[in-house]
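Q: predicted model, plus sequence, below.
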Amino acid sequence: VQTQGYDPILPGASLGVMGGGQLGRMFVHAAQAMGYHTVVLDPDTQGPAGQASDQQIVAAYDDAQGLAQLAQAVAAITTEFENVPAQAFTALGKLNRVAPPAVAIAIAQDRVAEKVHFQHHGVPVAPFAVVDSPESLQAVAPTLFPGILKTSRLGYDGKGQVQVANLQELQRAWESLKQVPCVLEKRMELDFEVSVVLARGFDGSIVTLPVQRNIHHNGILASTLVLPGSIHPDVEEQAVHVAKSIAVATEYVGVLCVEFFVLKDGRVIANEMAPRPHNSGHYSIDACDVSQFELQVRTLASLPLLQPRLHSPAIMLNILGDLWFDEDSDEPRHPDWATVLSYPGVHLHLYGKSQARKGRKMGHITITAKTVEVVLNNAAKVAAHLG
Ligand code: ADP
Ligand code: MG
């Protein structure tokens with residue numbers, strides 16, 4: 001770990017972020033709250049982060065001129081999504097301070113590389129096979145069925161994934177995915193899912209957010225529960241230990257999220273990592289004394305990292321574009337935010353996306369309360385209202 005040349009960047013300076021989505025928007029909010037100026041690089045002029053940022057460079061992620069302009073304008077650069085070309089981040093790293101390291105992004109954006117990386121460092125993963133040729137397809141072990149075929153690159157929110165029960169279905173699924181390089185993963189018997197968000201500084205210090213439990217619908221995160229005492233301490237300990245070991249093995253700097261499967265037999269295995277703040281860590285804005293986005297600012301700026309403290313039990317509900325369409329008639333409609341906001345402990349976050357589409361993440365709600373019982377109660381009411 002390098003500490004030399006990584007002096008603190010103090011408020012008043014400018015911080016840059018690659019990507020203009022909601023994660024960039026919340027990074028911008030955190031940076032501005034602390035007195036930093038922000039510059040977003042994003043080709044979309046209407047994006048969630050660009051709307052909030054002091055400045056936006058409108059350019060493609062691999063546009064050399066745009067990248068040079070960004071590097072010129074700020075004291076350090078981070079990213080808000082992993083599909084920024086790794087080469088672009090490597091190029092930025094030659095011009096300015098970046099976090100996370102480009103190599104971590106390169107690993108996280110490629111499922112095959114990610115799994116190989118995990119295995120190499122002794123991190124348990126679901127049994128898998130690489131499917132990148134007709135031969136490799138024919139050679140998959142029958143024990144991998146039923147399985148999930150996932151594209152190695154560019155998948156998110158369950159996109160680029162097909163459930164397959166046998167070789168024949170696998171063949172069809174691979175064709176439907178245009179025969180791009182894929183991973184066939186054995187479908188595991190999940191008890192539940194958790195994730196760990198951590199921050200690691202240039203000096204190697206690590207802090208972690210509380211372990212959160214995640215509920216997915218159709219491959220998309222639906223809700224996150226952070227209810228003290230609800231996860232067995234052994235599970236929490238294992239997940240935190242593995243997440244930290246991945247961060248160290250990757251020489252990671254910045255905010256990292258590792259998703260885990262907790263199996264019916266009690267084993268905790270790693271699913272994937274995200275080299276950035278994560279949807280499952282959004283509750284930290286309202287329920288912790290430091291949010292994952294402030295941690296991203298602090299790591300990038302080489303400011304002290306202190307162990308976050310959960311001050312309220314919390315439940316996060318994702319708001320998808322489906323809410324903008326009537327369930328029965330499919331007619332466009334507007335969610336009734338006034339009623340949602342009439343419940344105690346509701347924190348509404350909307351990302352400023354102009355167009356609602358089904359399955360698109362439009363915002364989230366975090367519900368906090370003094371006790372687990374009350375937060376469960378109020379979240380159930382809000383969820384029932386949202387339908
Ligand atoms: P994404 O990049 O879209 O988040 P994931 O690999 O995390 O893709 O898969 C999304 C969700 O699908 C997971 O959170 C989990 O609920 C389910 N899933 C994925 N892989 C498996 C598996 N091997 N066994 C059981 N469920 C899985
Ligand atoms: Mg995932």
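A: Perfect, I can see it now. Ligands and ions are numbered 1, 2, ... in the order given.
Q: where along the stretch 251-387 of the chain do the strands fall?
A: Using DSSP state E, counting those that start in this stretch, the strands of the stretch 251-387 of the chain run over 254-263, 268-274, 314-320, 346-350, 361-368.
Q: the longest one packs against which elements?
A: To tie it back to what came earlier, the one meant is strand 254-263. strand 190-200, helix 233-249, strand 268-274, helix 292-300 (3 or more CB pairs under 8 Å, 6 or more residues apart in numbering; DSSP states H and E). The C-beta positions use only the backbone N, C-alpha and C, and glycine is treated the same way.
Q: same list (the ones you listed) but as JSON lines, adding mean pLDDT and distance to Glu373.
A: Below are the helices and strands packed on strand 254-263 laid out as JSON lines (pLDDT from 0 to 100; distance: least, CB to CB, whole Å):
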{"stretch": "strand 190-200", "mean pLDDT": "98", "distance to Glu373": "20"}
{"stretch": "helix 233-249", "mean pLDDT": "97", "distance to Glu373": "21"}
{"stretch": "strand 268-274", "mean pLDDT": "97", "distance to Glu373": "27"}
{"stretch": "helix 292-300", "mean pLDDT": "98", "distance to Glu373": "26"}
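Q: Leu92 and Ala52, how far apart?
A: Relative to Ala52, Leu92 is positioned 21 Å away (CB to CB, to the nearest Å).
Q: comparing the two, which shows the higher neighbour count?
A: Using other CB atoms under 10 Å as the criterion, Leu92 and Ala52 rank with Leu92 on top: 25 against 22.
Q: select, out of the strands of the stretch 251-387 of the chain, the one closest to Arg298.
A: Arg298 lies closest to strand 254-263 among these, at 9.3 Å (CB to CB).
Q: please write out the alpha-carbon positions of the closest one in CSV.
A: Taking C-alpha atoms only, strand 254-263 is exported to CSV below (Å, rounded to 0.1, in the frame of the first residue of the first chain):
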residue,chain,number,x,y,z
GLY,A,254,-12.2,3.2,-2.1
VAL,A,255,-15.6,1.8,-1.4
LEU,A,256,-16.1,-1.9,-2.2
CYS,A,257,-19.2,-4.1,-1.9
VAL,A,258,-19.1,-7.9,-1.8
GLU,A,259,-22.4,-9.8,-2.3
PHE,A,260,-22.7,-13.2,-0.5
PHE,A,261,-25.0,-16.2,-0.6
VAL,A,262,-25.8,-17.8,2.7
LEU,A,263,-26.6,-21.4,1.8
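Q: mind listing what's buried in that strand?
A: Residues of strand 254-263 classed as buried: Gly254, Val255, Leu256, Cys257, Val258, Glu259, Phe260, Phe261, Val262, Leu263 (neighbour count, 16 or more other CB atoms under 10 Å).
Q: go on, stretch 271-290?
A: Quick answer for stretch 271-290 (16+ other CB under 10 Å): 271-288, 290.
Q: run through these and flag the ones next to ligand 1.
A: With CB under 6 Å from any ligand atom as the criterion, those include Asn271, Glu272 near ligand 1.
Q: on that earlier part again, hey, which of the helices and strands packed on strand 254-263 is tucked in deepest?
A: Here the criterion is mean neighbour count by mean count of other CB atoms under 10 Å, and of those the winner is helix 292-300, at a mean of 26.
Q: how far off strand 254-263 does that one point, in degrees?
A: Comparing the axes of helix 292-300 and strand 254-263 via axes from the mean of the first three to the mean of the last three CA atoms, to 10 degrees yields an angle of 130 degrees.
Q: who does helix 292-300 touch, helix- and strand-wise?
A: Against helix 292-300 (3+ CB pairs under 8 Å, 6+ apart) you get helix 22-33, strand 76-79, strand 190-200, strand 254-263, helix 284-287.
Q: TSV for the ones you listed, including distance to Asn214?
A: As requested, the helices and strands packed on helix 292-300 are arranged in TSV below (distance: least, CB to CB, whole Å):
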stretch	distance to Asn214
helix 22-33	16
strand 76-79	22
strand 190-200	5
strand 254-263	7
helix 284-287	14
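Q: tell me which of those lies nearest to Phe128.
A: strand 254-263 (12.7 Å).
Q: can you list the strands that the closest one pairs with?
A: Strand 254-263 has the following strand partners under DSSP bridges: strand 190-200 (antiparallel), strand 268-274 (antiparallel).
Q: next, give phi and psi for the closest residue to ligand 1 within the stretch 1-150 of the chain.
A: Ligand 1 sits closest to Ala126 of the stretch 1-150 of the chain, with a gap of 4.4 Å, by CB to the nearest ligand atom. The phi/psi pair for Ala126 (degrees, to the nearest 10) reads phi -70, psi 150.
Q: does it really touch Ile269, like I thought?
A: Yes - contact status for Ala126 versus Ile269: in contact at 6.0 Å, counting by CB atoms under 8 Å.
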